[in-house]
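*Asks:* sequence below, structure please.
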Amino acid sequence: MIVGTTQAAEILNISTARLRVLLIAGRVEGAYKTGKMWLMPLFNGKPWIKPGKRGPAPRWLNPRKPAKTIIHVNSHRIRHNQKYQEHQPVITVKKWCDRAPQNGGKEQAPQTSNRNVYGHEVEIPGGCRVVYRPDSPRCGAKVWIETLYNVRVISWQEDGSS
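*Replies:* The predicted structure follows:
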């Protein structure tokens, strides 16, 4: 669900002016500006606020940080399909869980689920980000798509049906 500034401020029990300061500082995860209006997604009923470096402790409790959905295009499967005239799905969808810092503020390593979902098409209902990191790849991939939203994977068999 996506809400505006006034509704998000009511949920967090802070003023709209304070929320706008957090938005301008880039501390609201997934927030974006449309015209003159800020829109932000809710995670477990609240906007996700990134922790600040200074100042008093926040008066709100952040919900659990949402898992990122990572979408890869498997080039090995593309080559295999071309070589053997097959139609295996080439898009891989994974859930990556970046855990929030626990007591003491120590960062924990991201964890992944053990299974990949393959498909021919993927629908992303909200915003997404395309990432290119040739120096620090994830799973060997240098380019991938990240989103905080759940995606719908569409696969089809040899006859072309879904």
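
*Asks:* wait, Thr92 sits on His76?
*Replies:* No: when contacts are counted by Cβ atoms under 8 Å, Thr92 is not listed as touching His76 (10.6 Å). Where C-beta positions appear, they are placed from N, C-alpha and C, glycine not excepted.

*Asks:* compare neighbour counts for those two and give me the winner.
*Replies:* With neighbours defined as other Cβ atoms under 10 Å, Thr92 and His76 compare such that Thr92 has more, 20 against 9.

*Asks:* distance of the more buried one from Ala67?
*Replies:* 16 Å (Cβ to Cβ, to the nearest Å).

*Asks:* and Trp38, how many neighbours?
*Replies:* Around Trp38 there are 21 residues (other Cβ under 10 Å).

*Asks:* who are the contact partners of it?
*Replies:* Residues in contact with Trp38 (Cβ atoms under 8 Å, 6 or more residues apart in numbering) are 4-5, 20, 23, 28, 31-32.

*Asks:* poorly predicted segments of the chain, please.
*Replies:* 60-66, 96-115, 137-138, 156-162 (pLDDT under 70).

*Asks:* what are the ranges of the strands in it?
*Replies:* 2-3, 32-34, 37-41, 68-73, 91-97, 111-112, 117-119, 121-123, 129-132, 143-147, 152-154 (DSSP state E).

*Asks:* closest to Asn13 among the contacts of Trp38?
*Replies:* Distances from Asn13 to these, taken as Cβ to Cβ, are shortest for Thr5 (14.0 Å).

*Asks:* the closest one contacts Thr34, correct?
*Replies:* No: using Cβ under 8 Å, Thr5 makes no contact with Thr34, being 11.6 Å away.

*Asks:* nearest to Lys50, out of the strands of the chain?
*Replies:* Nearest to Lys50, of all the strands of the chain, is strand 37-41, at 12.2 Å by Cβ to Cβ.

*Asks:* need the contact list for Cys139.
*Replies:* Residues in contact with Cys139, defined by Cβ under 8 Å, 6+ apart, are 72, 94.

*Asks:* from Gly35, how far off is it?
*Replies:* On the measure of Cβ to Cβ, Cys139 and Gly35 end up 38 Å apart.

*Asks:* Glu86 too?
*Replies:* 47 Å.

*Asks:* repeat that for Val151.
*Replies:* For Val151, the distance to Gly35 equals 27 Å [Cβ to Cβ].

*Asks:* those two: which has the busier surroundings?
*Replies:* Val151 (21 against 5).
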